[in-house]
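J.: Turn this into a model:
(one chain, ligands or ions: 2)
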Amino acid sequence: MPPVTVEIERMAHARDLPLPRYESEQAAGLDLLAAVESEVVLAPGGFTLIPTGIRIALPSDHEAQIRPRSGLAAKHGITVLNSPGTIDADYRGEIKVILINHGSAAFSVTRGLRIAQMVVAPVARAELRESGDLSETRRGVGGFGSTGIGGATS
Ligand SMILES: O=c1ccn([C@H]2C[C@H](O)[C@@H](COP(=O)(O)OP(=O)(O)OP(=O)(O)O)O2)c(=O)[nH]1
Ligand SMILES: [Mg+2]
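T.: Ligands and ions are numbered 1, 2, ... in the order given. As a prediction, the model looks like this:
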């Protein structure tokens with residue numbers, strides 16, 4: 001798939017920070033940096049909105065998803081509260097990341113720390129057509145474990 005062009009602006013408080021980038025050749029997400037002025041300490045159980053200092057313009061019919069970094073989650077219990085956060089194609093404000101500390105120790109967010117990753121993805125927009133005659137399926141209304149919990153199913 002050819003790359004999608006995303007316009008990006010580094011805001012005044014982030015001109016010294018590098019642009020988000022893919023950390024490996026085939027990485028799905030661009031790592032987002034914390035554009036905090038000074039250290040922000042997240043107490044256990046606490047959550048906070050972290051600025052990234054960037055604004056973007058996505059092409060129409062695309063979104064950006066703000067996802068956690070597994071390293072921060074596995075090592076410190078830090079994740080994205082509203083994961084995946086949704087950046088709409090028409091949003092022109094600063095991208096912010098809502099981090100939550102599920103760990104048992106305080107976590108320090110320092111300027112430039114790679115706090116989350118942003119995945120750009122195509123989006124299908126629905127045209128709703130109201131109907132009283134939805135198609136039948138084998139699953140029907142079954143859900144929430146209707147196929148069994150754990151083990152192999154036959
Ligand atoms: O993690 C996030 C999630 C959202 N946003 C920005 C971009 C998005 O386009 C906008 C609105 O997000 P969302 O639709 O999730 O929030 P809402 O509570 O529905 O707000 P709104 O009424 O503004 O749509 O906020 C972020 O910067 N970070
Ligand atoms: Mg919304």
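
J.: Now do the same contact list for the residue of the chain found nearest ligand 1.
T.: At 2.4 Å from ligand 1, Gly85 is the closest residue in the chain, using CB to the nearest ligand atom. Quick note: C-beta positions are derived from backbone N, CA and C, even for glycine. When contacts are counted by CB atoms under 8 Å, 6 or more residues apart in numbering, Gly85 touches 65-67, 97-98.

J.: Just the buried ones out of these, please.
T.: When these are checked for burial by 16 or more other CB atoms under 10 Å, the buried set is 65-67, 97-98.

J.: what are the ranges of the helices in this structure?
T.: With DSSP state H as the criterion, the chain has helices at 70-76.

J.: List the residue ranges of it that fall below the pLDDT cut-off.
T.: Applying pLDDT under 70 to the chain flags residues 153-154.

J.: Which positions in it make contact with ligand 1?
T.: By the rule CB under 6 Å from any ligand atom, the part of the chain lying against ligand 1 is 66, 82, 85-88, 91, 95-98.

J.: Next step: those restricted to strands.
T.: 66, 85-87, 96-98 (DSSP state E).

J.: For the residue nearest to Ile78 when sequence neighbours are not counted, give me its contacts.
T.: The shortest distance from Ile78 to any non-neighbouring residue, by CB to CB, 6 or more residues apart in numbering, is to Leu72 (4.1 Å). Leu72 is in contact with 78-79, 115, counting by CB under 8 Å, 6+ apart.
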